[in-house]
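Starting from these lines, generate the structure:
(one chain, ligands or ions: 2)
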Amino acid sequence: MVHPPLQAGGAAPREVASVALPTPYGQFQARAFETATGHVHLALVFGSVGDGTSLLTRLHSECLTGDAIGSLRCDCGVQLRTALRAVAAEGRGVVLYLNGHEGRGIGLVDKLRAYVEQDAGADTVDANLRLGLHVDLRDYGDAAAILSALGVASVRLLSNNPAKADALLRHGIAVESLRSLSTAAHRRNRAYLETKQVRLGHRRPTGEQLTEVPGTPVDVGALLGPLRPLADRPRVVLKYAQTLDGRIATRTGDARWISGEAERRVAHAMRAGCDAVLVGARTVLQDDPQLTVRMVPGASPLRVVLDTRLRTPLSAKVLSDDAATLILCGPGADPARRRGLVAGGATVREVAGGPSGLRVDAVLRLLRSLGVVSLLVEGGGRVITSMLRAAAVDRVVVSLAPMILGAGVDAVGPLGTTRVADGVRLVNRSVYLAGDDVLLGYDVHPAPAELP
Ligand SMILES: Nc1nc2c(ncn2[C@@H]2O[C@H](COP(=O)(O)OP(=O)(O)OP(=O)(O)O)[C@@H](O)[C@H]2O)c(=O)[nH]1
Ligand SMILES: [Zn+2]
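Ligands and ions are numbered 1, 2, ... in the order given. Sure, this is the predicted structure:
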């Protein structure tokens, strides 16, 4: 049996280094403190502590795999970056990075062993117990002592874990409030996050229920469907937005603007939930999407472009350096274009061609062999059609945008516009569910002039 470390035995923490630390979120002062337990912790202080009250504060437990490597088994890395950003946005606060907390205090090696137990079916709590270890060995005496040394008297704590607030209180730091630090869950950490809520009493780490849009982030677990991996291809979720008259894009390709902000947040949360997001080259050329997660705190998936002839331009946003990109081409694609894309940071792989573009079964087999278990397909029309034809879709999520266009990529309807800006906007939504059908009612905006 392992016992919790002894609490700081009265000796005040000693500040052993202090230096400016510029980050993508702003410049923090990194102040290292050595405590009576022998640990060295890092206080990342933003702005002035001032009178030490109501300070936005994060106690971040060390997690090498999540924080540094971006492991999708947990939410730590996203939480750390979200906390740094929140503190910087506030202009004042502290992120305390607590060493010795790795694996909830059991250390890196035992955490990795606990992951092996989880792969064999245990949840995060039982995995520790199976190894004969405590469920949570973390001590917050050091954290409280360092906050005191910084002159902090009361905090607004960024955490989903009420036990952290209780511990600070016990050690003499007032906690004015607990501010949730939820993330858009990935399918690979969803079960872990749910265990934290159910068995460890954490506040809902997966974000608000989808019905509470525009809460941020939103929990899209139910929309994404089952988590169980398939053997020979990824589980495929098809997601697209269409206008009420069934157009998914206009000729000018400004489809991005048909959805409202709340819907786009849901779309980003769906990306954060999957291993990869896939579009066709046409969509890249017309819409130039970045395909990363930006509107909710979450990890960006691998971006996959089906691009038979390697038409993706080197300036395309899918090549931005904030996520990985895989471009799949057909046999005979131009080697010079291929070299250019590889130099631009993308991975290019060849797959067999079929009568209409790349063979869907070959694409999906390749993705699965690369470890892609969940795939979000975002369009465009041709990719969606070929995926459905190949019977390779497990779930479809369609969002209806409050607009009538009359013209889409392939059709000209009664309104006949080709620009989203000229579409008829609709407002005052009402929704009726009738069996598996969804009935939507809207007012036309602006309303036609009323008769006197
Ligand atoms: N033993 C063990 N530790 C884990 C596991 N997953 C993450 N951790 C560790 O858990 C610690 C983070 O604790 P969490 O329970 O995720 O969250 P928390 O810090 O209590 O609460 P928040 O403030 O909301 O982040 C880090 O030190 C991680 O290394 C796991 O499956 N087993
Ligand atoms: Zn972690």
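
Only C-alpha atoms from now on, for both contacts and neighbour counts.
Fine.

which stretches of the stretch 151-300 of the chain form helices?
162-170, 190-200, 221-224, 261-273, 281-287 (DSSP state H, counting those that start in this stretch).

Buried ones in the shortest one, by neighbour count?
Okay, so that is helix 221-224. Judged by neighbour count (16 or more other Cα atoms under 10 Å), helix 221-224 contains these buried residues: 221, 224.

what's in contact with it?
185, 187, 237, 270, 273, 395, 397 (Cα atoms under 8 Å, 6 or more residues apart in numbering).

circling back: for the helices of the stretch 151-300 of the chain, which has the smallest mean pLDDT value?
Mean pLDDT is lowest for helix 221-224 among the helices of the stretch 151-300 of the chain, at a mean of 86.

about what we covered before: mind listing which of the contacts of helix 221-224 are in strands?
237, 395, 397 (DSSP state E).

can you list the weak-confidence ranges in the stretch 1-150 of the chain?
By pLDDT under 70, the weakly predicted segments of the stretch 1-150 of the chain are 1-10.

quick one on the thing from earlier: so can I have a markdown table of the contacts of helix 221-224 showing distance to residue 324 and neighbour count?
What follows is the contacts of helix 221-224, written out as a markdown table (distance: Cα to Cα, whole Å; neighbours: other Cα atoms under 10 Å):
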| residue | distance to residue 324 | neighbour count |
| --- | --- | --- |
| 185 | 19 | 32 |
| 187 | 18 | 23 |
| 237 | 20 | 23 |
| 270 | 17 | 28 |
| 273 | 16 | 30 |
| 395 | 25 | 16 |
| 397 | 24 | 14 |
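
restrict these to those near ligand 1?
Among the contacts of helix 221-224, proximity to ligand 1 is found for none (Cα under 6 Å from any ligand atom).

Pick out the residue closest to the middle of this protein.
residue 298 (1.8 Å; Cα atoms, centre = their mean).

quick one: it and residue 266 touch, right?
No - at 11.8 Å, residue 298 does not count as touching residue 266 under the criterion of Cα atoms under 8 Å.

roughly how far apart are residue 164 and ligand 1?
Distance of residue 164 to ligand 1, given as Cα to the nearest ligand atom, to the nearest Å: 7 Å.

Looking at the ones in strands among the contacts of helix 221-224, which is nearest residue 31?
Ranked by distance to residue 31 (Cα to Cα), the ones in strands among the contacts of helix 221-224 are led by residue 237 at 45.6 Å.

Spit out the contact partners of that closest one.
Residue 237 neighbours (Cα under 8 Å, 6+ apart): 224, 374, 375, 376, 377, 393, 394, 395, 396, 397.

Export only the CA atoms of stretch 41-49, formatted as PDB.
Extracted C-alpha coordinates of stretch 41-49, given in PDB (Å, rounded to 0.1, in the frame of the first residue of the first chain):
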ATOM      1  CA  HIS A  41       6.400  23.500  -8.700                       C
ATOM      2  CA  LEU A  42       6.000  26.200 -11.300                       C
ATOM      3  CA  ALA A  43       3.700  29.200 -10.700                       C
ATOM      4  CA  LEU A  44       2.800  30.800 -14.000                       C
ATOM      5  CA  VAL A  45       1.700  34.300 -13.000                       C
ATOM      6  CA  PHE A  46       0.000  36.600 -15.300                       C
ATOM      7  CA  GLY A  47      -0.300  40.300 -14.500                       C
ATOM      8  CA  SER A  48      -0.300  41.500 -11.000                       C
ATOM      9  CA  VAL A  49      -1.600  39.500  -8.000                       C
END
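
before we move on, back to that, please identify the most buried of the helices of the stretch 151-300 of the chain.
helix 261-273 (a mean of 23; mean count of other Cα atoms under 10 Å).

Around ligand 1, pick out the residues from this protein.
Counting by Cα under 6 Å from any ligand atom, the residues of the chain near ligand 1 are 60-63, 74, 101-104, 111, 114-115, 124, 128, 159-161, 181.

show me where the stretch 1-150 of the chain has strands.
14-23, 26-34, 40-46, 55-61, 93-98 (DSSP state E, counting those that start in this stretch).

Minimum distance to residue 132: which of the ones you listed has it?
That would be strand 55-61 among the strands of the stretch 1-150 of the chain, by Cα to Cα, at 21.4 Å.
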